[in-house]
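Novice: Here is my input, please return the structure:
(one chain, ligands or ions: 2)
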Amino acid sequence: MVSSTSLTSVLASKQIKEDPESLQIWGKDWTNGFVVAPSAVVFPESLDQLQDLVAYARAHQVKLVPSGGRTGLSGGAVASQGEVVVSFDRMNKILDFSAKDRIVTCQPGLVTANLQAFAEEQGLYYPVDFASSGSSQIGGNVATNAGGIKVIRYGLTRDWVAGMKVVTGSGALLDCNAGLIKNATGYDFRHLMIGSEGTLGLIGELDMHLAPQPEPQIVMVVGVPSVVDLLDILHAFSDKLTLSAFEFFSDLALQKVQAHRKLPAPLANRVDNYALLEFDESELAKAEEAFALCMEEGWLVDGVISQSQAQAAALWQLREGISESLAPYTPYKNDLSVRISEVPGFLADVDRYVNEGYPDFEVCWYGHIGDGNLHLNILRPESLSLEEFFHVGHTMSPKIFELVQARRGSISAEHGVGLLKRDFLGYSRGDDEISLMRGLKHLFDPDQILNPDKLLPLTEA
Ligand code: 2HG
Ligand code: ZN
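Specialist: Numbers count the residues shown, from 1 in each chain. Ligands and ions are numbered 1, 2, ... in the order given. Okay, the predicted model is just below:
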């Protein structure tokens, strides 16, 4: 246990919270099912204070759990065993902007939507986007290499990080890459930190690239009777134009989001699957050609196209509201990826496994199919308690991950490993890789103070 008296040796008392309510709020993210038991929450305000915290943690063997907007779905920001949560809520400023470089320098606690808004004020664009961008923080996005809905065109968070300052678990302050475009000077620690889920260092400052603003976007939602045809549709459109998004949802997912947000159905008749496509306004004619071709082939049965920005936003709600609409069912969640070409076969494998073993479960598929990233949400039947259902999920995981492994896919496409997938890492990473990862962990965090028990399996493989 840490006493606030000792923490006050590094931070002011107004930067420390220990009341039970705050511990519950900051001690977890959006993941269900883990014990929440931090001993304190601290709110550093500068890089110096991060360094002081790390020195303090090493000296007193205190464990630190870095925490951003707490929107994670893999338990990466859960503190279950008396750790001190390091919240970045007060390190949320934009520090500098270089128009010539198109680079923003910011603190890690900056909310993603605020970075997007700042970019827009400069006539520019920060393209990494997802439903939780109004709460998530840029440091958390970097720590999990967040993806989202525009990856098909703009890539992952990794592609937008121009530089970072990071305090390692050994207390060193690394100044990585300084916003350079070219830098062939050996190992790039920036990329090692991206996606490391706070296990190697505390990110204290970020340089983020911005892009030119895109044209106004048009959104199309199409009905797709068979998932097998989704790839042909993707290629028919990509052959003719640049897509900004290519998302997918099943009719069950649509029903849930419609009920939750009281939204009208996009098409006159229900179809088993839908794809949502987004593209630049100037590409409309080409998109219409691709649409006609897909109709002729029988891959599509119907479609709707936005006529205004308001309609585009309304159509996006059908996809972006799904996760929130499923939350009341406390689903068993998975965030999986395979190569795009493997998607239909993989979907069929998982459906077969679940339907044969658990015919009463409702399986809700949706995701970023243009990136090969599928979100599998199995809804909890009312007859099962939360505990019973988690137990079933735990039994299903190895089977589902075997199917992922057979196709050389990833057990976590964009949500991270955290506590939830830690013991399953071996399905996506080889023994040699995991032992090198352990070596890096020892090097960067010799006293094992950073985000304990996350990401790496507890026992040697
Ligand atoms: C999305 O794409 C998010 O909507 C959340 O990544 C997915 O809740 C989920 O399973
Ligand atoms: Zn997603």
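
Novice: quick one: the strands in the stretch 101-250 of the chain?
Specialist: Under the criterion DSSP state E, counting those that start in this stretch, strands of the stretch 101-250 of the chain are mapped to 103-106, 124-125, 161-168, 173-176, 201-209, 211-212, 217-224, 243-250.

Novice: Can you tell me which of these is most buried?
Specialist: Compared across the strands of the stretch 101-250 of the chain, strand 201-209 shows the largest average neighbour count, a mean of 25 (mean count of other C-beta atoms under 10 Å). (Glycine included, C-beta is placed from N, CA and C.)

Novice: and the angle from that strand to strand 161-168?
Specialist: Here strand 201-209 runs at an angle of 160 degrees relative to strand 161-168 (axes from the mean of the first three to the mean of the last three C-alpha atoms, to 10 degrees).

Novice: Begin at 41, not 1, for the rest of this chat.
Specialist: Sure, I'll start counting at 41 from here, so that last one is strand 241-249.

Novice: chain center to strand 241-249: distance?
Specialist: Its chain's C-alpha centre and that of strand 241-249 lie 17 Å apart, by C-alpha atoms, centre = their mean, to the nearest Å.

Novice: tell me what that strand is packed against?
Specialist: Applying 3 or more C-beta pairs under 8 Å, 6 or more residues apart in numbering; DSSP states H and E, one finds that strand 241-249 contacts helix 87-100, strand 104-107, strand 143-146, helix 178-184, strand 201-208.

Novice: Quick one: mean pLDDT over the third one.
Specialist: Per-residue pLDDT values across strand 143-146 average out to 98.

Novice: Show me the contact partners of it.
Specialist: 133-138, 155, 158-159, 166, 178, 202-203, 219, 245-250 (C-beta atoms under 8 Å, 6 or more residues apart in numbering).

Novice: Which one of the residues in the stretch 191-340 of the chain is closest to ligand 1?
Specialist: Proximity to ligand 1, evaluated over the stretch 191-340 of the chain using C-beta to the nearest ligand atom, is greatest for E287 at 8.1 Å.

Novice: Name the nearest residue to that residue, sequence neighbours excluded.
Specialist: The shortest distance from E287 to any non-neighbouring residue, by C-beta to C-beta, 6 or more residues apart in numbering, is to L316 (4.4 Å).

Novice: what's the answer for T184, then?
Specialist: G456 (4.1 Å).

Novice: Looks to me like the one you found is in a strand.
Specialist: No - secondary structure of G456 (DSSP: H, G, I helix; E, B strand; the rest coil): coil, not part of a strand.

Novice: can I assume D411 is in contact with V383?
Specialist: No - using C-beta atoms under 8 Å, D411 makes no contact with V383, being 9.8 Å away.

Novice: more crowded one of these two?
Specialist: V383 (27 against 23; other C-beta atoms under 10 Å).
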